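A.B. asks: Mind folding the following:
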Amino acid sequence: MEARDTIETDAPDEPYKKALRLEYFTLAYNIAEAAASIVFGSLAGSIALIGFGLDSIVESFSGLILIWRLKKHRAGSEEEEEEIERRAERFVALTFFLLGSYILFESVGKLVEGEVSDPSAPGIAIALLSMTIMPIVARKKYDLGVAIKSRALVADSKETLACALLSVALLVGLGANYVFGFWQADPIVALLIVAFLFREGREGWKESSN
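C.D. replies: Predicted structure coming up:
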């Protein structure tokens, strides 16, 4: 009977544990992705690939925020936990603005200065890997965020989705330049992602203030 009670008590915490494992995975993946992108981008002289690596570092901040938030589960009263949720959601919203501002600056700079994204086989492989993995992780985060009613985790799932979209921009930029010589594709696609990031950041900040 005691064992059954323990199972029933632990069960509500399982989604939080799953979410925490996802955040640890995302953080480790982003760090590895950042290192590989910056190294291969430097070797190939690819501004786009180096920028993608720096984006991964910014996205790691969101993962650290969610790890902090999830570890605070049941750390205080319901009111205290709600305040922790609001703070986490606000911090994630700020990372949207930070990431969006950086991509906007880089994209406009490339268009104005004509910085061409060089073809890079490792860069294309990194982009394809991210396009495959990140949408799955984003969906799992979203589902868990809805299940545990965590607006911060839902917001973070959208930032993970943004990582996948950025990998599409990277692939389009490297691929279009390699095949057609159309180097402008990368910054143009990235500007569309900036609009997505700013919109989600604004909505996240508004939600955290309600």
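A.B. asks: Report pLDDT for Val154.
C.D. replies: We have a pLDDT of 90 for Val154.
A.B. asks: same question, Ser77
C.D. replies: pLDDT, read off for Ser77, is 67.
A.B. asks: and what of Ala88?
C.D. replies: Looking at Ala88, its pLDDT is 80.
A.B. asks: check contacts around it.
C.D. replies: The contact partners of Ala88, by Cβ atoms under 8 Å, 6 or more residues apart in numbering, come to Ile65, Leu66, Trp68, Arg69, Ala152. All C-beta atoms are positioned from the backbone trio N, CA, C, and that covers glycine.
A.B. asks: Quick check: the first one vs Arg199, distance?
C.D. replies: To tie it back to what came earlier, the one meant is Ile65. Distance from Ile65 to Arg199, counting by Cβ to Cβ, to the nearest Å: 20 Å.
A.B. asks: neighbour count winner among these two?
C.D. replies: Using other Cβ atoms under 10 Å, the more surrounded residue of Ile65 and Arg199 is Ile65, with 22 against 13.
A.B. asks: So the more buried one, which state does it fall into?
C.D. replies: Secondary structure, DSSP: H, G, I helix; E, B strand; the rest coil: Ile65 is helix.
A.B. asks: you'd agree it is up against Val92?
C.D. replies: Yes - Ile65 is within contact range of Val92, at 5.8 Å (criterion: Cβ atoms under 8 Å).
A.B. asks: between those two, what contacts are shared?
C.D. replies: Counting by Cβ under 8 Å, 6+ apart, the shared contacts of Ile65 and Val92 are Ala152, Asp156.
A.B. asks: Which stretches in this protein count as helices?
C.D. replies: Ranges of helices in the chain, per DSSP state H, are 2-10, 14-44, 47-71, 78-113, 121-147, 151-180, 185-208.
A.B. asks: Lowest average confidence across those, which one?
C.D. replies: In terms of mean pLDDT, the lowest-scoring of these is helix 2-10 (a mean of 45).
A.B. asks: gap between stretch 181-200 and the chain center?
C.D. replies: Offset of stretch 181-200 from its chain centre (Cα atoms, centre = their mean, to the nearest Å): 15 Å.
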